[in-house]
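> below is the sequence, then the predicted model.
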Amino acid sequence: MILLNPKDHVRFYPDDESREIMQQTIAFFEKRGKARLKADDRERVWYADFLAFIKENQIFARLLTPPQYGGSGARWDTWRNCEFNEILAFYGLCYWYTWQVTILGLGPIWMSSNEGLRKKAAALLQDGAIFAFGLSERAHGADVYATEMSLSPQGDGTYLANGEKYYIGNANQAPMVSTFGKMADSGDYVFFSADYRHEHYDLIRNVTESQNYVAQYALKDYPVTEGEILSKGQEAWDAALNTVNVGKYNLGWASIGICTHAFYEAINHASNRRLYGMYVTDFSHIRKMLVDAYSRLVAMKLFTLRAADYQRVACLQDRRYLLYNPMVKMKVTTQGEEVINLLWNVIAAKGFEKDTYFEMAARDIRALPKLEGTVHVNIALIVKFMPNFFFNPQDYTEVPREDQPRHDGFLFQQGPTRGLGKIRFHDYHLAFEGYDLPNVKIFKEQVEVFRESLVMAPPSEEQQKDVDFLLSAGELFALAVYAQLILENGKIYAIEDALIDQIFDFMVRDFSKFALDVYHKPSSSPQQMEICLRMMRKPAVDEGRYTQVWDEVQRLNGEYEMDG
């Protein structure tokens, strides 16, 4: 089974140490139990015991330290980090969040040429420290062009930092806060390290009501030496964006972990509750919602796992990950919302009860599409890749499953952030080869009509300036990319044809929905509207296929329930 089940945790690991980390983490949460998990959530308890566990077992140190700075087994290994992402979110977004923000905070450090700060970070990781990423500001959000944090030269080789940062996780306890600003004299961008313990570091408040500490902090004549500078100029700018390139990918895993735990609760509840003389799962609409939720969840995981493969093989000559990572961020996280909505309709009022995991899931799943750049920002990014994706493919060596135990050093040597429009992709048609399934065929026809529309009725000059129009067209493009990687990974993970075709049942429906959205845009031309009508299709109906997938869903009843 492709879904995580902590009580029957079977996954390939290339080394025993990686397996040990995951099993230790699962055991930590299972021992705590659901009652304690929920009580801490309600009371917004800072997760000191979790961080103590991380320190005692050197988990962040082993997972997030490059091998030249860490002990035995230390490496930044995307394959095993994916699993850790999923496990943490399975038990609670707050635990995932402190890990995620540590990843973001370490990005500018491992990308820096400042050897002293790199060694300092490694030592702090071994001491159980967490890290923070001081990028966004209250007035500007993540608009880094407008950052007001300034670093003023003092004439003796030192600087004074002044300004505020806002919505910065872990900034209450991070001894290295990677802080982004501008040089007061030149206006050049700069990254420097700040310490929450310094007297000129003003920790103003936690801006959220949660177990996390999401800080507003101010630096007031905070002294900075040259040795505390991480990067300047173009290097600082690239470090900011390249760090987000890495970090935004993790949000998809958070959605997958949350949805998986919520799915177990929903199927357990519905399968064992009787209404009107029937089990809830005997109702046809309940079965449909559970099949749809399951199909969407499996698709989320297939896509995100496959995106990791391309992230691991990335180099300056192959930057396809720069499309797939924002796709994980915008598509997988919004699919997570869809899954929770479906499951909530299954368990209904049960989803509000304070002793359920689902009550947390329904709240937390909303955050993920809105972190590390909104869905809209990431759609605007991916449409830059659309011309080359559809019309200018390049031959690449086929990428296998990348599960080898190695350090992914390129993530910290990504180079300049420009030139996105020049990145080329392998032919998406290849993914459809070998699939003789009705809904896969229908979906492929829909994509081909969309591709035709880009030639026969491309967006006008006015439409290209209309963000609302481009976002809807971007959703259609996103579905084509989503399908490609799902189909590739369907073969790698030997997913049965019935489930693949059921996944494409909702893919056909979703494509039709977004085509209708483009049709209804005020600026849509008659020709564009006619093409949109051709994109709207009904999925192929196959009762045998549907029943086979439902049986797979029903077998999950009782497979997992958190104790305590």
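Structure's in. What do you need?

> going forward, measure contacts and count neighbours with C-alpha atoms only.
OK.

> report the separation between residue 116 and residue 227.
7 Å (C-alpha to C-alpha, to the nearest Å).

> er, residue 550 actually
60 Å.

> which of the two has more neighbours?
residue 550 (18 against 14; other C-alpha atoms under 10 Å).

> for the more buried one, give me its contacts.
Counting by C-alpha atoms under 8 Å, 6 or more residues apart in numbering, residue 550 touches 287, 291.

> what about 6 Å?
Neighbour list for residue 550: residue 291 [criterion: C-alpha atoms under 6 Å, 6 or more residues apart in numbering].

> so it: helix, strand or coil?
helix (DSSP: H, G, I helix; E, B strand; the rest coil).

> list the buried ones in the strand or helix carrying residue 302?
Applying DSSP states H and E as the criterion places residue 302 in helix 284-312. Buried residues in helix 284-312, counted by 16 or more other C-alpha atoms under 10 Å: 286-312.

> report the distance from that helix to the chain centre.
Computed by C-alpha atoms, centre = their mean, to the nearest Å, the separation of helix 284-312 from the middle of its chain amounts to 14 Å.

> what's the answer for stretch 205-220, then?
Distance of stretch 205-220 from the chain centroid (C-alpha atoms, centre = their mean) equals 22 Å.

> now the end-to-end length of that stretch.
16 Å.

> report the buried residues of it.
The neighbour-count check on stretch 205-220 (16+ other C-alpha under 10 Å) flags 206, 210-219 as buried.

> same check on stretch 141-153?
By 16+ other C-alpha under 10 Å, the buried positions in stretch 141-153 come out as 142, 144, 147-153.

> could you tell me the end-to-end distance of it?
Taking C-alpha to C-alpha, stretch 141-153 runs 26 Å from one end to the other.

> what does it rub up against?
With contacts defined as C-alpha under 6 Å, 6+ apart, stretch 141-153 is touched by 136, 159-163, 181-184.

> so which residue is dead centre in the protein?
In the chain, the residue lying closest to the centroid (C-alpha atoms, centre = their mean) is residue 251, at 2.3 Å.

> quick check, that one in a helix?
Yes - checked against three-state DSSP, residue 251 lies within a helix.

> what about it, distance to residue 324?
For residue 251, the distance to residue 324 (C-alpha to C-alpha) stands at 13 Å.

> same deal with residue 148?
Relative to residue 324, and taking C-alpha to C-alpha, residue 148 is found at 31 Å.

> count the neighbours of residue 199 for me.
Per other C-alpha under 10 Å, the neighbour tally for residue 199 reads 11.

> could I get the buried residues of stretch 141-153 as JSON lines with pLDDT, secondary structure and distance to residue 25?
Shown next, in JSON lines, are the buried residues of stretch 141-153 (pLDDT from 0 to 100; DSSP: H, G, I helix; E, B strand; the rest coil; distance: C-alpha to C-alpha, whole Å):
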{"residue": "142", "pLDDT": "77", "secondary structure": "coil", "distance to residue 25": "32"}
{"residue": "144", "pLDDT": "83", "secondary structure": "helix", "distance to residue 25": "36"}
{"residue": "147", "pLDDT": "93", "secondary structure": "coil", "distance to residue 25": "38"}
{"residue": "148", "pLDDT": "94", "secondary structure": "coil", "distance to residue 25": "40"}
{"residue": "149", "pLDDT": "97", "secondary structure": "coil", "distance to residue 25": "38"}
{"residue": "150", "pLDDT": "97", "secondary structure": "strand", "distance to residue 25": "40"}
{"residue": "151", "pLDDT": "97", "secondary structure": "strand", "distance to residue 25": "41"}
{"residue": "152", "pLDDT": "97", "secondary structure": "strand", "distance to residue 25": "44"}
{"residue": "153", "pLDDT": "96", "secondary structure": "strand", "distance to residue 25": "45"}
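
> out of the residues you listed, flag the one nearest to residue 530.
Using C-alpha to C-alpha, residue 142 comes nearest to residue 530 of the buried residues of stretch 141-153, at 38.8 Å.

> for the worst-scoring helix or strand of the chain on mean pLDDT, packing partners?
Every helix and strand in the chain was compared by mean pLDDT, DSSP states H and E; the lowest is helix 375-382, with a mean of 76. Of the remaining helices and strands, none touches helix 375-382 by 3 or more C-alpha pairs under 6 Å, 6 or more residues apart in numbering; DSSP states H and E.

> give me the below-cutoff pLDDT ranges for the stretch 251-400 of the chain.
Filtered on pLDDT under 70, the stretch 251-400 of the chain yields the residue ranges 372-376.

> assign residue 533 to helix, strand or coil.
At residue 533 the chain is in helix, as set by three-state DSSP.

> now residue 181
Following three-state DSSP, the label given to residue 181 is strand.

> tell me, how many residues neighbour residue 455?
For residue 455, the neighbour count with other C-alpha under 10 Å is 10.

> so it lies in a strand, does it not?
No - counting by three-state DSSP, residue 455 falls outside a strand, being helix.

> give me the pLDDT for it.
On the pLDDT scale, residue 455 is placed at 94.

> likewise the one 5 residues further on?
Residue 460 carries a pLDDT score of 90 in this model.

> do you know how far it is from residue 7?
In this view, residue 460 and residue 7 are 55 Å apart by C-alpha to C-alpha.

> what angle sits between the helix or strand containing residue 340 and helix 375-382?
Here residue 340 sits within helix 333-347, counting by DSSP H and E. On the basis of axes from the mean of the first three to the mean of the last three C-alpha atoms, to 10 degrees, helix 333-347 is oriented at 140 degrees to helix 375-382.

> got the CA coordinates for helix 333-347 in PDB?
In PDB, the C-alpha atoms belonging to helix 333-347 read as follows (Å, rounded to 0.1, in the frame of the first residue of the first chain):
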ATOM      1  CA  THR A 333      -1.800  21.500  -1.200                       C
ATOM      2  CA  THR A 334      -5.000  22.500  -2.900                       C
ATOM      3  CA  GLN A 335      -5.800  18.800  -3.600                       C
ATOM      4  CA  GLY A 336      -5.300  18.300   0.100                       C
ATOM      5  CA  GLU A 337      -8.100  20.800   0.800                       C
ATOM      6  CA  GLU A 338     -10.300  18.800  -1.700                       C
ATOM      7  CA  VAL A 339      -9.600  15.600   0.200                       C
ATOM      8  CA  ILE A 340     -10.400  17.100   3.600                       C
ATOM      9  CA  ASN A 341     -13.600  18.600   2.200                       C
ATOM     10  CA  LEU A 342     -14.700  15.200   0.900                       C
ATOM     11  CA  LEU A 343     -13.900  13.400   4.100                       C
ATOM     12  CA  TRP A 344     -15.600  16.100   6.200                       C
ATOM     13  CA  ASN A 345     -18.800  15.400   4.300                       C
ATOM     14  CA  VAL A 346     -18.400  11.700   5.200                       C
ATOM     15  CA  ILE A 347     -17.900  12.200   8.900                       C
END
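
> what packs against that helix?
Secondary-structure packing of helix 333-347 (3+ C-alpha pairs under 6 Å, 6+ apart): helix 233-271, helix 284-312.

> so which of those comes closest to residue 14?
That would be helix 284-312 among these, by C-alpha to C-alpha, at 15.2 Å.

> could you measure from the nearest residue to residue 342 once chain neighbours are set aside over to residue 512?
Leaving aside its chain neighbours, residue 342 sits nearest to residue 289 (5.7 Å; criterion: C-alpha to C-alpha, 6 or more residues apart in numbering). The spacing between residue 289 and residue 512, counted by C-alpha to C-alpha, is 19 Å.

> also residue 174?
47 Å.

> with residue 416 instead?
Distance, residue 416 to residue 512, using C-alpha to C-alpha: 38 Å.

> who has more neighbours, the two?
Each of residue 416 and residue 512 has its neighbours counted (other C-alpha under 10 Å); residue 512 has more, 23 against 14.

> surely the more buried one is in a helix?
Yes - applying three-state DSSP, one finds residue 512 inside a helix.

> phi, psi of the nearest residue to it once chain neighbours are set aside?
Spatial nearest neighbour of residue 512, chain neighbours left out: residue 536 (4.3 Å); criterion: C-alpha to C-alpha, 6+ apart. Per-residue torsions, residue 536: phi -80, psi 120 (degrees, to the nearest 10).
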